[in-house]
Structures are given as structure tokens and as C-alpha cells.
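Participant: Here is my input; please provide its structure:
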Amino acid sequence: MKEILLTQGKVAYVDDKFYEPLRQRGAWHTMLRNRTWYAARVEYAANGQRKVISMHTAVWQLAGRQAVQELDHRNHNGCDNRLTNLRPATRKQQSQNRRKRRGSASHFKGVTWFRGKWRARIGQCYLGQRMSEEAAARLYDEEARRLYGDFACLNFPEST
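Facilitator: Okay, here's the model as predicted:
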């Protein structure tokens, strides 16, 4: 694994074999999108059109992989562009892999406080209420794993 320095004091991680080809393409900068930092660069076409190229897309192409509409970072780090961290995903799969919303009462994804108990739910599907926040989070994880498989963003990923 190699590091490519970006702006904003950030670093992108890439596989050794992609390091030189990516560096030869020019300078990379950071781009903040939906609370996640990504590595990107700007290219200009002959007609002056500006195009933003994401480093994860460049890595996917350098690997000779088939072009896809969306790529997902398994570990939620948009600057970790190692091939093992990238996977093709639909918009729906990416939304399933989202982290917990900011500002909620709970420390866990899929858990809210309701009438003196912790409630677990996925989307509009009510899963049940529990006395402890952690128990509700584990209930969410069980159902998320069943529904979303590899794309489930779990509260306790180590207990898979």
C-alpha cells in the first residue's frame, strides 16, 4: 500500500501497482461529498470542458475492470482507494451501506428512543423495542445483515 498526498492534510491509499500511474496523471486534491472526503483531480477537454475524475474511478479503470455507474468504499473511507476496498454498487446498495445519521439520540444506526425504550427499525419497518440501546442495535444489525448482506452498515461489524 502506498500513500498519495492530497490537499487539506489528507492522504489517499492505493495499491502499489497503481501508485506511479496515478502520480503521472497529475496532482490530486480532496473533495468533500456527503460527509466523506474523496481524492479527485480536474481534467480539461479540448473544448475547455472541466471534468472531475475521482481517484477510485481511475483505480477501477487502471485495474481493467468493467465500467460501472457507482463504486462503493467498503470501509467508508473515500480516500482508501485500494482495489480490495472498492466494489460496484447500485444507489440502493450504497444507501444501505450509509453510516448512522448525525444528531440522533442513539449512538447506533437504526435505533431511536421512543416512550421509555429503545426502538429498532429499518426504513419504515419496525423491528421491536428493547430496554437497552445496545440490544436494539443488535436487533437492527441482525435484520440489516439479512436484508442487505455484504452492503449492511452494522453497528457491531466485528460480531459477524
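Participant: Only C-alpha atoms from now on, for both contacts and neighbour counts.
Facilitator: Noted.
Participant: could you check the distance from Ala135 over to Gln124?
Facilitator: With the distance defined as CA to CA, to the nearest Å, Ala135 ends up 19 Å from Gln124.
Participant: okay, those two: which has more neighbours?
Facilitator: Ranked by neighbour count (other CA atoms under 10 Å), Ala135 and Gln124 place Ala135 first, with 16 against 6.
Participant: Buried residues in the helix or strand harbouring the more buried one, which are they?
Facilitator: For Ala135, the element it lies in under DSSP states H and E is helix 133-148. For helix 133-148, burial by neighbour count (16 or more other CA atoms under 10 Å) applies to 133-141, 143-145.
Participant: can you pull out the helices in this structure?
Facilitator: Assigned by DSSP state H, the helices in the chain fall at 16-24, 55-62, 91-96, 133-148.
Participant: export those helices to CSV and tack on mean pLDDT and distance to Val68?
Facilitator: Below are the helices of the chain laid out as CSV (pLDDT from 0 to 100; distance: least, CA to CA, whole Å):
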stretch, mean pLDDT, distance to Val68
helix 16-24, 95, 19
helix 55-62, 95, 9
helix 91-96, 82, 12
helix 133-148, 92, 20
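Participant: so how many other residues sit close to Met55?
Facilitator: Neighbour tally, Met55, other CA under 10 Å: 24.
Participant: Tell me how far it lies from Lys2.
Facilitator: With distances taken as CA to CA, Met55 is found 14 Å from Lys2.
Participant: Export the helices of the chain to a markdown table and append columns for distance to Lys10.
Facilitator: Listed next are the helices of the chain as a markdown table, based on distance: least, CA to CA, whole Å:
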| stretch | distance to Lys10 |
| --- | --- |
| helix 16-24 | 16 |
| helix 55-62 | 13 |
| helix 91-96 | 23 |
| helix 133-148 | 31 |
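Participant: so which of those gets nearest Ala39?
Facilitator: Closest to Ala39 of the helices of the chain, according to CA to CA: helix 55-62, at 5.4 Å.
Participant: counting contacts, what elements does the closest one pack onto?
Facilitator: With contacts defined as 3 or more CA pairs under 8 Å, 6 or more residues apart in numbering; DSSP states H and E, the packing partners of helix 55-62 are helix 16-24, strand 36-44.
Participant: So for this structure, the centremost residue is which one?
Facilitator: The residue lying closest to the centre of the chain (CA atoms, centre = their mean) is His76, at 3.2 Å.
Participant: Need the contact partners of the helix or strand of the chain with the lowest mean pLDDT.
Facilitator: Scoring the helices and strands of the chain by mean pLDDT, DSSP states H and E places helix 91-96 at the bottom, with a mean of 82. Residues outside helix 91-96 that contact it (CA atoms under 8 Å, 6 or more residues apart in numbering): 70, 72, 148, 151-153.
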